[in-house]
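Turn this into a model:
(one chain, ligands or ions: 1)
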Amino acid sequence: MHIIRLGLASVVAAALAVSLASCQKPAAPGAVDAKRLVAAAGNAEWLSYGKDYNEQRFSPLDKVKNDNVGQLGLAWFAQFDTDRGQEATPLMVDGVIYTSTAWSKVFAFDAKTGKELWRFDPQVKGPKGFDACCDVVNRGVAVWKGKVFVGALDGRLIALDAKTGKPVWTVQTTDPAKPYTITGAPRVIKDKVLIGNGGAEYGVRGYITAYDAASGQQAWRFYMTPNPDGKPDGAASDKVMAEKGAATWSDGEWKKTGGGGTPWDAIAYDPALDMVYIGVGNGSPWNHMRRSGGKGDNLFLSSILALRPDTGEYVWHYQTTPGESWDYTATQQITLADLNIGGQPRKVLMQAPKNGFFYVIDRATGQLISAKNYYPNITWATGVDMKTGRPIETPGARYEKTAVTQVPGPLGAHNWQPMAFDPKTGLVYIPTNVTPFSYGDQKDFAYKAGAWNVGVNFLSNALPTDQATLKAIMAMVKGQLIAWDPVQQKAVWTVDHPYFWNAGVLATAGGLVFQGSAEGDLAAYDAASGKKLWSYKTGNGVIAAPMTYALGGEQYVAVMVGTGGGGQISAPASMPTRSRLPGRLLVFKLGGKAQAPAFPAPPQPPFEVDSLKSDGDVQHGFALFHENCQVCHGPNASGAWLPDLKRTPMLQTADNWKGVVIDGASASRGMASFARFLSPKDAEDIRAYVISEAKAAAAAQASPDPQGGAKAAAPIGR
Ligand code: CA
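Okay, the predicted model is just below:
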């Protein structure tokens, strides 16, 4: 009882401190500033994407705790007008929740009642969905001095009035003619809004830009790869590119693609050291041989960069994957903490990038303190050499001569789904999503403007026909929540999920770790033991991270619900079969009694294969499908989340099919015309191939495979 009362008292004290703080200034909504954000570790709000600049995703709130979490019930919910992936972490500032949905829409709600205060739709054009490797998602907004900032999928950074949701200023942060996207949350540091971009799968040159929060004026830009022209950019990166970066690149297709290195997620900030830390993405194309002739480390791909927030000036870098060749981004969340290592207090940053290793780095100097594989069965490297800080690669891992099936694949051992660090248990809770992938050299790779440009032969990821091979691949597909001791560099407990693409994590001082799952349960685990203490069926898959806040003496736990993202669209057979359902924001409190209506479960449309007929070339269609369509519709047309091509009425006639594939009849929903890449004859060959898959699927349904017949998918990733 005493502990509960103490918990309540601290919640009330924290809430009081917040309301006192906001009483001292005009009661303008969204009044976040540096003072408030730096002190955020002790308050009851959620002021920035990862809660505060440390990006620990740990809340000191403890009213909801391991002995009462069973009483957690729904307080209120909101339903959105989009059924694509929901990856955002909502913010809570002064009693208002600000969140974003797929297609970069922004919503404000009263955090206590759920009343919608305003909404903003940037009207991203449907065909832009083609440029989004991993769904048309958005991971959240930033709030600062009365404004709400959102990065729109089409590269705009938009400042909204926090009170009304009306745009105050808009800047185009990218060249609209190029396949850049924004899916990440902006962060605001010293009155500057920092935003990166994505698009390395298609061929872009990554950079991060800082804009003045009040006016939208550009303050500085830092490019992650050298200028292919060999000239300076007039940017903050010029000096270090000339001194260090340019010499790590050799001749190759990067001169056409721009080399990649898109920083699409991680940004953390240490105010005492005055350093901002940026996670940098993969190479473009992925394949190092095609990108840079197999030569050089290719700075700053797959690196953690420390920069000065005032100027963008380079301070240090650590490259997790030199000569990146597997889509092993280092964009994964960067978490700052003070750890006691070997009896010494150390200011560290921690990252679990896609490559499978957990890094603990001195954040003042960039010195590697330790690195260990957080996922046990990685195959591309056996460890990290502590003298050089470089991975010890497995022979053949670079697929120079033969294709190799590797763990992890491009979806990584950990993707964008946020981890959490609990300073009380000292553990990092990592949502891992492990998938194998067959990497093969696309020897004849030639850059095609605007297309998927990775230099990897995707035909080797078509489904194997041999059942034993299929079974072996499926056995490698795994989702786990791993509680990781960053000092000892070892797992303390793990929770296995039945499916691989699960949700981000929240840790609280109530001794709880919250995580959603592909099956749709939001669960609370005991932070020390991993024992499941509570769960709630959302009716839809969950991929986003929950957050928590206190208001009026109550603690709330909120989560965006709605599956989607890279794992859902590209690895269909590794996911539960479900229709696309509208996204929701669910908000829980102790004793909550609200009911969210069940989602209607529309049955899968039946196969209508009897009348299907095409004179197209099935073999040619198979090759074209895996080159152009597999990323969104699954290997062997196995995808069922984005429309199941085997069941679509569009398959029935050559004209309707051509209408979508060539003429762009579904462009407003994100299925852009492929006329740039395919001829009408090509489209018909693909139709002939999909018809063959539809007939096979209908036949399999009529006489089910005694082994269950689950088709495997070697998934592809962000
Ligand atoms: Ca990527």
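
Next, the distance between the ends of stretch 634-642.
9 Å (CA to CA, to the nearest Å).

So what touches it?
Residues outside stretch 634-642 that contact it (CB atoms under 8 Å, 6 or more residues apart in numbering) are 461-463, 563-564, 568-573, 575, 577-578, 580, 604, 625-626, 629, 632-633, 645-646, 689-690, 693-694, 711, 713-714. The C-beta positions use only the backbone N, C-alpha and C, and glycine is treated the same way.

element containing K589, please.
strand 584-590 (DSSP states H and E).

Can you tell me the strand partners of that strand and which way each runs?
Counting by DSSP bridges, the strands paired with strand 584-590 are strand 72-79 (antiparallel), strand 554-561 (antiparallel).

which of the contacts of stretch 634-642 are buried?
Neighbour-count burial (16 or more other CB atoms under 10 Å) applied to the contacts of stretch 634-642 gives 461-463, 563-564, 568-573, 575, 578, 580, 625-626, 629, 632-633, 645-646, 689-690, 693-694, 711, 713-714.

check contacts around the spatially most central residue of the chain.
Nearest to the geometric centre of the chain sits W416, at 3.1 Å (CA atoms, centre = their mean). By CB under 8 Å, 6+ apart, the residues touching W416 are 87, 139, 264-265, 331-333, 504, 565, 718.

ok, now with 6 Å
Neighbour list for W416: D265 [criterion: CB atoms under 6 Å, 6 or more residues apart in numbering].

Next, it: secondary structure please.
The three-state label given to W416 by DSSP: H, G, I helix; E, B strand; the rest coil is coil.

quick one: it and the ion, what's the gap?
10 Å (CB to the ion, to the nearest Å).

residues making contact with the helix or strand that L117 is a member of?
Counting by DSSP H and E, the element that carries L117 is strand 116-120. Residues from elsewhere that reach strand 116-120 (CB under 6 Å, 6+ apart): 106-109, 160, 165.

out of those residues, which one sits closest to the ion?
Using CB to the ion, V106 comes nearest to the ion of the contacts of strand 116-120, at 25.3 Å.

got a pLDDT number for the closest one?
For V106, the pLDDT comes out at 98.

Can we start the residue count at 79 from this point?
Renumbered: residue one is now 79, and that last one reads V184.

Pretty sure it sits against V228.
Yes - counting by CB atoms under 6 Å, V184 sits close enough to V228 to count as a contact (5.1 Å).

Overlap of the contact sets of the two?
178, 219.

what's stretch 684-692 in contact with?
765-766, 769, 772-773, 776.

List the residues that contact G374.
Going by CB under 6 Å, 6+ apart, G374 touches 326-328.

what do you get for G434?
Contacts for G434 (CB under 6 Å, 6+ apart) come out as 451, 453, 456, 486, 491.

circling back to that earlier point, any chance of the strands paired with strand 662-668 in CSV, plus mean neighbour count and distance to the ion?
Output for those, formatted as CSV (neighbours: other CB atoms under 10 Å; distance: least, CB to the ion, whole Å):
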stretch, mean neighbour count, distance to the ion
strand 150-157, 19, 31
strand 632-639, 26, 22
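
Let's have these in CSV, adding mean pLDDT.
As requested, the strands paired with strand 662-668 are arranged in CSV below (pLDDT from 0 to 100):
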stretch, mean pLDDT
strand 150-157, 98
strand 632-639, 98
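
Compare those strands and give me the one nearest K322.
strand 632-639 (39.6 Å; CB to CB).

Can you name the residues in contact with the closest one?
Taking CB under 6 Å, 6+ apart as the rule, strand 632-639 contacts 139, 141-142, 164, 166, 168, 600, 616, 618, 620, 622, 624-627, 662-667.

my read is V426 is in a strand, agree?
Yes - counting by three-state DSSP, V426 is located in a strand.

Hmm, it is touching V438, no?
Yes - V426 is in contact with V438 according to CB under 6 Å; the separation is 5.2 Å.

residue contacts, Y477?
Taking CB under 6 Å, 6+ apart, we find Y477 in contact with 517-519.

any chance of the residues you listed in TSV, plus pLDDT, neighbour count and distance to K736?
Output for those, formatted as TSV (pLDDT from 0 to 100; neighbours: other CB atoms under 10 Å; distance: CB to CB, whole Å):
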residue	pLDDT	neighbour count	distance to K736
Y517	94	28	33
G518	93	17	31
D519	95	20	33
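
Where does the prediction get shaky in the stretch 529-678 of the chain?
Scanning the stretch 529-678 of the chain for pLDDT under 70 picks out nothing.

could you pull out the strands for it?
556-563, 568-575, 583-586, 590-594, 599-604, 610-615, 625-629, 632-639, 662-668 (DSSP state E, counting those that start in this stretch).

returning to what we had before: farthest pair in the contacts of G434?
N451 and P486 (10.1 Å).

Comparing the two, which residue is more hemmed in?
Comparing N451 with P486 by other CB atoms under 10 Å, the one with more neighbours is P486, at 29 against 19.
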